[in-house]
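Student: Starting from these lines, generate the structure:
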Amino acid sequence: METNQIKRIVEAALLAAAQPLSLAQLSALFGENEAVSHEELARALEELSADCAERGVELNEVASGFRYQVRQDVHPWVARLWTERQTKYSRALLETLALIAYRQPITRGEIEQIRGVAVSTNIVKTLEEREWVRVVGYRDVPGKPALFGTTRNFLDYFNLKSLDELPPMAEIREIEDFDPQLTLAPVAPADDADAALIAPETEAANEESAHAAPEQNA
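Tutor: Next comes the predicted model:
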């Protein structure tokens with residue numbers, strides 16, 4: 001099959017999909033008699049990425065595979081498509097998420113020890129409902145506390161291929177606003193603050209509350 005035809009098929013599949021597609025999933029689009037190798041797919045993806053150089057969208061690889069997403073420089077205009085109130089997360093939630101991301105596997109008690117305050121059950125529930133964190137095991141100590149780690153959805157949402165791409169902790173401390181790039185998904189994105197300023201802070205009683213809003217597809 002010609003490269004241009006492979007590119008058209010891959011491009012259409014990525015735009016139609018509601019989630020990133022891996023090389024294996026893209027390869028499965030072709031029948032046994034069409035003989036498209038992983039090398040040919042990789043070449044097609046490289047060319048599709050180059051084709052986006054001057055466009056408002058880009059082809060990006062995240063943990064789950066490849067996806068088209070809106071470029072950050074046009075995000076403010078595209079975001080006007082969604083009129084629903086956007087989700088805002090508390091500093092306490094973001095600190096908890098950051099500690100899990102950087103120090104996983106970690107227990108709730110260890111998070112509390114580092115932050116100096118109790119971790120609200122609502123914070124853990126919100127992170128699990130968003131499928132950003134999950135229980136990955138249990139600490140072999142009395143009580144068997146759960147160990148938390150991040151998920152592939154966390155990597156996808158924050159535009160990462162692996163945890164190795166997380167910025168250094170020193171940089172994270174300086175970030176005031178982090179706005180993940182929008183994906184071309186048929187749902188409204190959440191305009192979240194950055195995934196973490198790690199500094200102990202006293203929580204207000206309602207700090208962990210979040211406004212309801214459609215979630216960004218990860």
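Student: any idea which helix or strand comes after whichever strand or helix holds Leu147?
Tutor: Element membership for Leu147, per DSSP states H and E: strand 146-150. As assigned by DSSP H and E, the chain's next helix or strand after strand 146-150 is helix 152-157.
Student: circling back: give me the helices and strands touching the strand holding Leu147, please.
Tutor: Applying 3 or more CB pairs under 8 Å, 6 or more residues apart in numbering; DSSP states H and E, one finds that strand 146-150 contacts helix 91-103, strand 106-107, strand 133-138. All C-beta spots, glycine's among them, are computed from the backbone N, C-alpha and C.
Student: how about the first one: buried residues?
Tutor: When burial is assessed from 16 or more other CB atoms under 10 Å, helix 91-103 yields the following buried residues: Arg91, Ala92, Leu93, Leu94, Glu95, Thr96, Leu97, Ala98, Leu99, Ile100, Ala101, Tyr102.
Student: just stretch 35-46 next, same as before
Tutor: Buried residues in stretch 35-46, counted by 16+ other CB under 10 Å: Val36, Glu40, Leu41, Ala44, Leu45.
Student: My read is that the second one contacts Asn4, right?
Tutor: Looking back up the chat, that one is Glu40. No - using CB atoms under 8 Å, Glu40 is not in contact with Asn4, being 11.6 Å away.
Student: ok, the closest residue in space to Lys7 that isn't next to it in sequence to Glu11 distance?
Tutor: Using CB to CB, 6 or more residues apart in numbering and skipping residues adjacent in sequence, the residue nearest Lys7 is Ala44, 4.6 Å away. Going from Ala44 to Glu11 by CB to CB, to the nearest Å gives 9 Å.
Student: and if you look at Pro105?
Tutor: Distance of Pro105 to Glu11, given as CB to CB: 39 Å.
Student: same thing with Ser37?
Tutor: 18 Å.
Student: Same question for Glu39.
Tutor: Taking CB to CB, one finds Glu39 at 18 Å from Glu11.
Student: What count of nearby residues applies to Gln19?
Tutor: The local packing of Gln19 (other CB atoms under 10 Å) involves 15 other residues.
Student: Would you confirm that it contacts Ser64?
Tutor: Yes - Gln19 lies in contact with Ser64 (CB under 8 Å); the separation is 6.5 Å.
Student: Tell me how this protein divides into domains.
Tutor: 3-81, 85-202 (automatic domain parsing).
Student: where exactly do the helices run in the protein?
Tutor: With helices called from DSSP state H, the chain shows them at 3-16, 23-27, 38-51, 75-78, 91-103, 108-115, 121-129, 152-157, 169-172.
Student: Of all the ones you listed, which one comes closest to Pro142?
Tutor: Proximity to Pro142 (CB to CB) singles out helix 108-115 among the helices of the chain, at 11.5 Å.
Student: pLDDT below threshold where in the chain?
Tutor: The chain contains residues with pLDDT under 70 at 83-86, 170-218.
Student: Can you name the residues that contact Leu163?
Tutor: Leu163 is in contact with Ala101, Thr150, Leu155, counting by CB atoms under 8 Å, 6 or more residues apart in numbering.
Student: And it, how close does it get to Gln113?
Tutor: Separation of Leu163 from Gln113 (CB to CB): 22 Å.
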